[in-house]
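A.B. asks: need coordinates for the following:
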Amino acid sequence: MSDQVWYEVDALTADLTSWRYRVLATSEEGAERKMRDRCPAAVAILVLEDRAALRPAAFERDGSGRSR
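C.D. replies: Okay, here's the model as predicted:
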């Protein structure tokens, strides 16, 4: 199994344009590196672990075949 995690990454440029991506990376630094590749003009980057992607139990089915 891979050690990669989904991250939400926001970037802000000098002209106040913002960009948001969801990236798969092994660390926060890796996620930031991917964002710098996509948006080299970024002056600020915020990296957060994507908590929504960490809830696989929300999609499990109970014995009746219905979602919980």
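A.B. asks: neighbours around Asp3, how many?
C.D. replies: 7 (other CB atoms under 10 Å). (Glycine included, C-beta is placed from N, CA and C.)
A.B. asks: which residue packs closest to it, ignoring adjacent ones?
C.D. replies: Thr26 (5.4 Å; CB to CB, 6 or more residues apart in numbering).
A.B. asks: repeat for Leu12
C.D. replies: Counting by CB to CB, 6+ apart, the residue nearest Leu12 is Ala44, at 4.5 Å.
A.B. asks: Lys34 too?
C.D. replies: Going by CB to CB, 6+ apart, Lys34 has Val23 as its nearest residue, at 4.9 Å.
A.B. asks: what about the helices in the protein?
C.D. replies: 28-38 (DSSP state H).
A.B. asks: Ile45 bridge partners, please.
C.D. replies: Ala11 (DSSP bridges).
A.B. asks: that one against Thr13, yeah?
C.D. replies: No - using CB atoms under 8 Å, Ile45 is not in contact with Thr13; the gap is 10.5 Å.
A.B. asks: out of the two, which sits in the more crowded spot?
C.D. replies: A direct count of neighbours by other CB under 10 Å for Ile45 and Thr13 places Ile45 higher, at 17 against 14.
A.B. asks: and the pLDDT for the more buried one?
C.D. replies: According to the per-residue confidence, Ile45 scores 96 in pLDDT.
A.B. asks: ok, now which ones touch it?
C.D. replies: Val9, Asp10, Ala11, Leu12, Glu32, Met35, Arg36 (CB atoms under 8 Å, 6 or more residues apart in numbering).
A.B. asks: could you check how far it is from Leu16?
C.D. replies: Distance of Ile45 to Leu16, computed by CB to CB, to the nearest Å: 15 Å.
A.B. asks: and for Pro40?
C.D. replies: From Pro40 to Leu16 the distance is 17 Å (CB to CB).
A.B. asks: point out where this protein drops to low pLDDT.
C.D. replies: Where the chain drops to pLDDT under 70, the residues are 1, 53-68.
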